[in-house]
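[1] Here you go, sequence then predicted model.
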Amino acid sequence: MNAPAANGAWRCLLGLALSTTLTVHALEIVIPEGWDSPTKIAVVPFAGPSPSEALEVADLDEIIGFDFQRSGQFWVLPDGDMLSYPTAPDAVHYRDWRILDMDYLLIGRSWLEASGDLTVVYHLFDVTSEREILSSRLSAPPEYLRDVAHRIADDVYEQITGIPGAFSTKILYVLEKTADDYELRIADSDGARAHTVFRSEHPIISPTWAPDARRVAYVSFETGRSTIFVQDLQTGERESVAAFRGINGAPAFSPDGTRLAMSLSRDGNAEIYVLDLATRELERITRWPTAIETEPSWTDDGGIIFTSDRSGKPQVYRIDLSTYLEERLTFEGDYNARAARGAGAPGAR
């Protein structure tokens with residue numbers, strides 16, 4: 001999209017919320033840079049119960065290895081290139097891994113307890129310094145094997161990088177199967193164990209998590225107009241919380257989960273509103289009669305960041321909800337939008 005056309009195209013996209021017919025646009029993702037020297041790690045196949053116990057424990061190392069690989073920060077040694085396959089610390093020969101130019105080595109083993117739980121023990125080694133730097137033991141029912149694997153990947157990632165891992169999180173997305181079949185789905189961060197939480201013959205857009213990961217909000221066109229719903233993931237119960245004339249879009253939960261910011265055009269042009277989910281009290285936050293205000297996102301201190309074209313082009317602004325003072329945050333470029341908190345998603349995202 002070129003700069004002169006950006007503002008008009010942005011308004012056009014917002015206008016889609018007024019119609020039940022959505023145009024699908026191609027999305028181009030450009031990755032300008034990557035990791036020139038990824039960390040090299042060997043994830044040795046974990047020893048586990050015999051095949052007669054009908055437990056696919058071999059998947060543990062595959063899940064962990066895939067987590068590392070897709071992070072973009074690691075290069076994972078293929079199993080077939082390994083010179084040895086240790087499953088306990090006393091079987092580790094650092095020479096084997098130095099020859100392969102590995103930075104780290106992860107090994108482990110698992111077994112079934114009398115209770116039926118699966119216990120996993122793992123060890124992480126720094127090959128260069130020839131020392132064990134992390135070990136732990138986890139137990140869980142066998143059906144939570146993938147959760148155990150993601151937890152191990154998270155712990156190892158944090159040990160190596162100093163940054164908490166996000167492999168145990170979940171993703172929320174919309175699958176358009178056909179022109180009249182849409183599914184709101186939740187899956188592991190690697191796309192596994194996907195399941196549908198809501199299906200509709202009409203478009204679903206703007207799905208978002210509540211901080212407790214027990215509820216989601218999204219926009220559905222099932223009523224003939226854009227409508228914001230909040231759904232309980234445990235019970236499946238859904239509730240319409242915004243079905244005003246015009247645009248009802250861009251829902252975003254507050255950090256404590258008690259309020260929902262949104263973009264509504266009930267009073268004319270699109271403005272930012274906040275809905276108290278307990279009292280249903282609705283408060284208009286922005287007042288700029290000639291601009292489109294959308295894409296609200298909460299800050300950790302309870303303020304709201306949003307996108308507005310009040311300057312002529314989409315830019316990011318912030319409003320303090322205690323004083324209602326506003327400030328423009330972006331000045332470079334002709335198109336800045338969809339800001340989000342740097343803290344990231346809740347644990348189940």
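    Everything's here; your move. Numbers count the residues shown, from 1 in each chain.
[2] Tell me how many other residues crowd the closest residue to residue 121 other than its chain neighbours.
    Excluding the flanking residues, the one nearest residue 121 by Cβ to Cβ, 6 or more residues apart in numbering is residue 137, at 4.8 Å. Every residue, glycine included, has its C-beta placed from N, CA and C. Close neighbours of residue 137, defined as other Cβ atoms under 10 Å, add up to 9.
[3] Report the secondary structure element holding residue 137.
    Assigned by DSSP states H and E, residue 137 belongs to strand 131-140.
[4] for that strand, what is the average pLDDT?
    Averaged across strand 131-140, pLDDT comes to 97.
[5] Could I have the CA atoms of whatever helix or strand comes next after it written out in PDB?
    Next helix or strand after strand 131-140 toward the C-terminus (DSSP H and E): helix 145-161. The C-alpha coordinates for helix 145-161 follow below in PDB (Å, rounded to 0.1, in the frame of the first residue of the first chain):
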ATOM      1  CA  LEU A 145       2.100 -34.700  27.600                       C
ATOM      2  CA  ARG A 146       2.100 -31.700  25.200                       C
ATOM      3  CA  ASP A 147       1.700 -29.300  28.100                       C
ATOM      4  CA  VAL A 148       4.700 -30.900  29.800                       C
ATOM      5  CA  ALA A 149       6.800 -30.600  26.700                       C
ATOM      6  CA  HIS A 150       5.900 -26.900  26.200                       C
ATOM      7  CA  ARG A 151       6.700 -26.300  29.900                       C
ATOM      8  CA  ILE A 152      10.200 -27.900  29.500                       C
ATOM      9  CA  ALA A 153      10.700 -25.700  26.400                       C
ATOM     10  CA  ASP A 154       9.700 -22.600  28.300                       C
ATOM     11  CA  ASP A 155      12.100 -23.400  31.200                       C
ATOM     12  CA  VAL A 156      15.000 -24.100  28.900                       C
ATOM     13  CA  TYR A 157      14.400 -21.100  26.800                       C
ATOM     14  CA  GLU A 158      14.400 -18.800  29.900                       C
ATOM     15  CA  GLN A 159      17.500 -20.500  31.200                       C
ATOM     16  CA  ILE A 160      19.400 -19.800  28.000                       C
ATOM     17  CA  THR A 161      18.000 -16.400  27.000                       C
END
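[6] Give the buried residues for helix 145-161.
    Buried positions in helix 145-161, judged by neighbour count with 16 or more other Cβ atoms under 10 Å: 145-157, 160.
[7] Stretch 239-256 too?
    Neighbour counts over stretch 239-256 (16+ other Cβ under 10 Å) mark 241, 242, 244, 246, 247, 248, 249, 250, 251, 252, 253, 254 as buried.
[8] next one: stretch 81-97
    Those would be 82, 86, 87, 92, 94, 96, 97, for stretch 81-97 by 16+ other Cβ under 10 Å.
[9] In TSV, list the residues you listed along with pLDDT and secondary structure.
    Formatted as TSV, those follow (pLDDT from 0 to 100; DSSP: H, G, I helix; E, B strand; the rest coil):
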residue	pLDDT	secondary structure
82	97	coil
86	97	coil
87	96	coil
92	97	coil
94	98	helix
96	97	helix
97	98	helix
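[10] ranges for the strands of the stretch 201-349 of the chain?
    Using DSSP state E, counting those that start in this stretch, the strands of the stretch 201-349 of the chain run over residues 204-209, 215-220, 227-232, 238-242, 248-253, 259-264, 271-276, 282-284, 293-298, 304-308, 315-319, 326-328.
[11] For the fifth one, C-alpha coordinates in CSV please.
    Okay, so that is strand 248-253. Presented in CSV, the C-alpha positions along strand 248-253 are these (Å, rounded to 0.1, in the frame of the first residue of the first chain):
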residue,chain,number,x,y,z
ASN,A,248,-19.4,-2.1,17.0
GLY,A,249,-15.8,-3.2,16.8
ALA,A,250,-12.2,-3.7,18.1
PRO,A,251,-13.0,-5.0,21.6
ALA,A,252,-10.1,-5.1,24.2
PHE,A,253,-10.3,-6.2,27.8
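[12] So what's the gap between that strand and the chain middle?
    Counting by Cα atoms, centre = their mean, to the nearest Å, strand 248-253 is centred 17 Å from the centre of its parent chain.
[13] and the strand holding residue 137, which residues are buried?
    Across strand 131-140, burial judged by 16+ other Cβ under 10 Å covers 134, 138.
[14] Equivalent analysis for stretch 124-132, please.
    If you call a residue buried by 16+ other Cβ under 10 Å, then stretch 124-132 has these buried ones: 124, 125, 126, 127.
[15] what's across from the third one in the sheet?
    Right, the one you point to is residue 126. With DSSP bridges as the criterion, residue 126 is bridged to residue 104, residue 131.
[16] Output the lowest mean pLDDT helix or strand found in this structure.
    helix 3-15 (a mean of 39; mean pLDDT, DSSP states H and E).
[17] continuing past that helix, what's the next helix or strand?
    Toward the C-terminus, helix 3-15 is succeeded by strand 39-43 as the next helix or strand (DSSP H and E).
[18] In its sheet, which strands sit next to that next one, and in what direction?
    Partner strands and pairing direction for strand 39-43 (DSSP bridges) are strand 74-76 (parallel), strand 104-112 (parallel).
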